[in-house]
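Chemist: Structure of the sequence below:
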Amino acid sequence: MSAIDTPSTVSEDIEKIDVSDPLMFQRDDFRDVFKRLRDEAPVHYCEDSPFGPYWSVTRFHDIMAVDKNHQDFSSQGGVSIGNRSADFQAPNFISMDPPKHDLQRKAVTGVVAPMNLAKLEPLIRGRAGAILDALPVGEEFNWVESVSIELTTQMLATIFDFPFEDRRKLTAWSDLATSSVATGGTLPDEARREGLMECLNEFTALWQERLNWDPAEHNDLITLMAHNPATRDMDPMEYLGNLILLIVGGNDTTRNSISGGVLGLNQYPQEYDKLKTNPGLIPSMIPEIIRWQTPLTHMRRVASRDVNFQGQSIKQGDKVVMWYISGNRDETAIDDPERFWIDRANPRHHLSFGFGIHRCMGNRLAEMQLRVLWEEIMQRFESVEVVGEPVRVASNFVRGIAELPVRVHPLS
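Modeler: Okay, here's the model as predicted:
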């Protein structure tokens, strides 16, 4: 059995604990080992893992401190625990520090500006309603495929102004990007490279087309990048890197929160009862879904100098991994954190979107999609019943759900 197949156990010597095992997340049995780290070694060094040595930061407020300190903890070189293949570098703005990060991020934020979100809401509502109306009432089906992926992929096609009939290519490219061996996936680098180069070729053709579009009239992501001084001269691999970032950011996180919300309401039926009694709880339920699911388990930084952090000597060049999935379950920061609690007093108090300059730029779009979807669900269905075990993704980066068998019951 290889190191990557060997699960960390709570009974191990604490120095030997390695929480990077993707199978631990697939089995959904990460809670006890992270609790032990929070209690006994909140800033923990793992000397030997399949992804190299790294520090784990597991408490809520420590994670926030690292996330907000880009001077000492750099994003250069990637944000997942593993390293990119040396021969296939695709940099993106989330893997950069200021000032380049700030300029490139600003170039694309217009797509999620409040005015644009207001224009998108009726479009999302119409699409969500159409998806829900097409579901096979009373029959078992995979919620992930029929709802979570479909709604988010339609939204991605819109914000890229990507050919709508080809939108499932976006899903495939997102899955390619997150199945890297750098996050515990099994896809060979060559197959991943081939698929992502296809992505680059298609988007390069769109880029050439958008060079002739007026950005005052078109605010899709490609047109914004093609005309902004901070992004219009990107080399092809940097363009690909930013495409991957925006595709994954707009796809994996929202789709897994859509699935996670259904799972949470079924595991905590008293919360579903609350929702049925008072659908006005949806706005507070949405951030709770995002906290409870924690669609990205971690983000990684690299120490840009020697740092003494919480009594630990972190050396320049060391990887520092902020385990959002642990911080979102920190009992010292969140009341009864394992519970899915839709009327929690302060539901936005979570780490899932990050903090500081790298806080998720699409957080309001993600919340809006979830809110609108649940408003439409509650107008149609008495319940979305989970009728089998979820199939989870083997990844230490994306907390993904591949299959969620459900049956929908209409309002009587």
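
Chemist: going forward, measure contacts and count neighbours with C-alpha atoms only.
Modeler: OK.

Chemist: In the stretch 201-350 of the chain, what residue spans correspond to strands?
Modeler: Assigned strands in the stretch 201-350 of the chain, in chain order: 298-303, 307-309, 312-314, 319-323 (criterion: DSSP state E, counting those that start in this stretch).

Chemist: Export the ones you listed as a markdown table, with columns for mean pLDDT.
Modeler: Conversion of these to a markdown table gives the following (pLDDT from 0 to 100):
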| stretch | mean pLDDT |
| --- | --- |
| strand 298-303 | 92 |
| strand 307-309 | 97 |
| strand 312-314 | 97 |
| strand 319-323 | 96 |
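
Chemist: and these, which is most packed in?
Modeler: Comparing these by mean neighbour count (mean count of other C-alpha atoms under 10 Å), strand 319-323 comes out on top with a mean of 27.

Chemist: can you list the residues that contact that one?
Modeler: Strand 319-323 is contacted by residues 53-58, 63, 66-67, 73, 81, 297-303 when judged by C-alpha atoms under 8 Å, 6 or more residues apart in numbering.

Chemist: What strands flank it, and is each parallel or antiparallel?
Modeler: Counting by DSSP bridges, the strands paired with strand 319-323 are strand 54-57 (parallel), strand 298-303 (antiparallel).

Chemist: Turn the ones you listed into CSV, columns for distance to residue 332.
Modeler: Supplementary listing: the strands paired with strand 319-323 in CSV, determined by distance: least, C-alpha to C-alpha, whole Å:
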stretch, distance to residue 332
strand 54-57, 15
strand 298-303, 19
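
Chemist: mind listing what's buried in stretch 64-72?
Modeler: 64, 66, 67, 68, 70, 72 (16 or more other C-alpha atoms under 10 Å).

Chemist: Widest-spaced pair of those residues?
Modeler: The two members of the buried residues of stretch 64-72 with the most space between them (C-alpha to C-alpha) are 64 and 72, at 13.3 Å.

Chemist: Could you pull up phi and psi at residue 21?
Modeler: Per-residue torsions, residue 21: phi -60, psi 110 (degrees, to the nearest 10).

Chemist: With residue 29 as the reference, measure out to it.
Modeler: Spatial separation of residue 21 from residue 29 under the definition C-alpha to C-alpha, to the nearest Å is 11 Å.

Chemist: Low-confidence regions, the stretch 301-412 of the chain specifically.
Modeler: Within the stretch 301-412 of the chain, the set of residues satisfying pLDDT under 70 comprises 357-362.

Chemist: With the stretch 151-300 of the chain instead?
Modeler: When the per-residue scores of the stretch 151-300 of the chain are filtered using pLDDT under 70, the ranges that remain are 180-188.

Chemist: give me that answer again for 90
Modeler: Residues of the stretch 151-300 of the chain that meet the criterion pLDDT under 90 lie in 155-160, 168, 170-197, 200, 215-253.

Chemist: Also the stretch 1-150 of the chain?
Modeler: For the stretch 1-150 of the chain, the stretches with pLDDT under 90 are 1-12, 70, 74-120, 123.

Chemist: those strands in it, which residues are they?
Modeler: Defined through DSSP E, counting those that start in this stretch, the strands belonging to the stretch 1-150 of the chain, from first to last, are 43-46, 54-57, 73-74, 141-142.

Chemist: Residue 266 is nearest to which of those?
Modeler: With C-alpha to C-alpha, the closest approach to residue 266 among the strands of the stretch 1-150 of the chain belongs to strand 141-142: 15.1 Å.

Chemist: now for the closest one, which elements pack on it?
Modeler: Using 3 or more C-alpha pairs under 8 Å, 6 or more residues apart in numbering; DSSP states H and E as the contact test, the elements touching strand 141-142 are strand 405-410.

Chemist: strand partners of the strand it packs on, parallel vs antiparallel please.
Modeler: Partner strands for strand 405-410, per DSSP bridges, with pairing direction: strand 141-142 (antiparallel), strand 381-386 (antiparallel).
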